[in-house]
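*Asks:* no sequence on this one, just coordinates:
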């Protein structure tokens, strides 16, 4: 007899084994093949799950508890190590299946390139999709050292697919001069801050479908040192929680989300995955209707 895994740390806390009746599905994308500085985010999904057992089930912010929800943790996708192109195909095929089953996908990264095939599938189902991107980095390069499949390119690819004016970027504080120029000219671009500009931007999105992608490095390294490309001058975990709750309380229709770039090896205190697990709980409770 298989033992209940809900509090084992092998799955996100309180996960159900009932896929059919689960509205949301948590899944891991353990890929870090294209990072330009420090690898290790392939271990992010499993460490976020382990940290999740330290969470309370109840969110006092939202007055909701995850014990009152049914969601499924599918585990990590089996990705061909070192083959970024094929890995993205595997992720895209999996997301296509979840959307066909009318599930709400919640992805755990992995480097940020893993979000690209998710956006492709989301846009296929929701042609009026809006992308909310919360990150320290613009991710607007066309390529990195000549390589178009890079963790620095997913939002540029999204802009070419769905149009830059359907993308809102918050907290960006690092990138090339060309990326910042492209962002300012082509995207709803809000550098350095998150909560204040989001309050201004959310009413403009109406009730359109929205995909939310969060890179943990939007936080200051003092709050989340366990990431591949840490950037000084980031926001607090309190401000990121405020932003998630602001999205949850707005009129937009969130149809999926992910949190990426947790690299546990650089944080022996484990605070990064602890913060990430709490953000996932708040997104579960706030976004999944």
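*Replies:* On my side now, so go ahead. Everything quoted here is computed from the prediction, not taken from an experiment. Numbers count the residues shown, from 1 in each chain.
*Asks:* that's a strand at residue 256, yeah?
*Replies:* Yes - the assignment for residue 256 by DSSP: H, G, I helix; E, B strand; the rest coil puts it in a strand.
*Asks:* tell me the secondary structure for the nearest residue to it once chain neighbours are set aside?
*Replies:* Take residue 256 and drop its neighbours on the chain: the residue closest to it by C-beta to C-beta, 6 or more residues apart in numbering is residue 105, 4.5 Å away. Any C-beta I mention is one placed from the backbone N, CA and C, and that applies to glycine too. For residue 105, the assignment made with three-state DSSP gives strand.
*Asks:* contacting residues around residue 105?
*Replies:* When the contact criterion is C-beta atoms under 8 Å, 6 or more residues apart in numbering, the partners of residue 105 are 24-25, 27, 95, 98-99, 118, 256-258.
*Asks:* helices or strands up against the helix or strand harbouring residue 277?
*Replies:* Here residue 277, judged by DSSP states H and E, is contained in helix 271-287. Using 3 or more C-beta pairs under 8 Å, 6 or more residues apart in numbering; DSSP states H and E as the contact test, the elements touching helix 271-287 are helix 44-52, strand 58-59, strand 104-109, strand 209-215, helix 237-248, strand 253-260.
*Asks:* repeat the analysis, applying 6 Å as the threshold.
*Replies:* Of the remaining helices and strands, those touching helix 271-287 by 3 or more C-beta pairs under 6 Å, 6 or more residues apart in numbering; DSSP states H and E are helix 44-52, helix 237-248, strand 253-260.
*Asks:* nearest to residue 59, of the ones you listed?
*Replies:* helix 237-248 (9.3 Å; C-beta to C-beta).
*Asks:* wait, residue 250 sits on residue 204?
*Replies:* No - the criterion here is C-beta atoms under 6 Å, and residue 250 misses it with residue 204 at 10.5 Å.
*Asks:* so which residues of this protein form strands?
*Replies:* Using DSSP state E, the strands found in the chain span residues 24-29, 58-59, 64-65, 71-76, 104-109, 130-134, 167-172, 188-191, 209-215, 253-260.
*Asks:* let's have these in TSV, adding mean pLDDT.
*Replies:* Shown next, in TSV, are these (pLDDT from 0 to 100):
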stretch	mean pLDDT
strand 24-29	98
strand 58-59	98
strand 64-65	98
strand 71-76	98
strand 104-109	98
strand 130-134	98
strand 167-172	98
strand 188-191	98
strand 209-215	98
strand 253-260	98
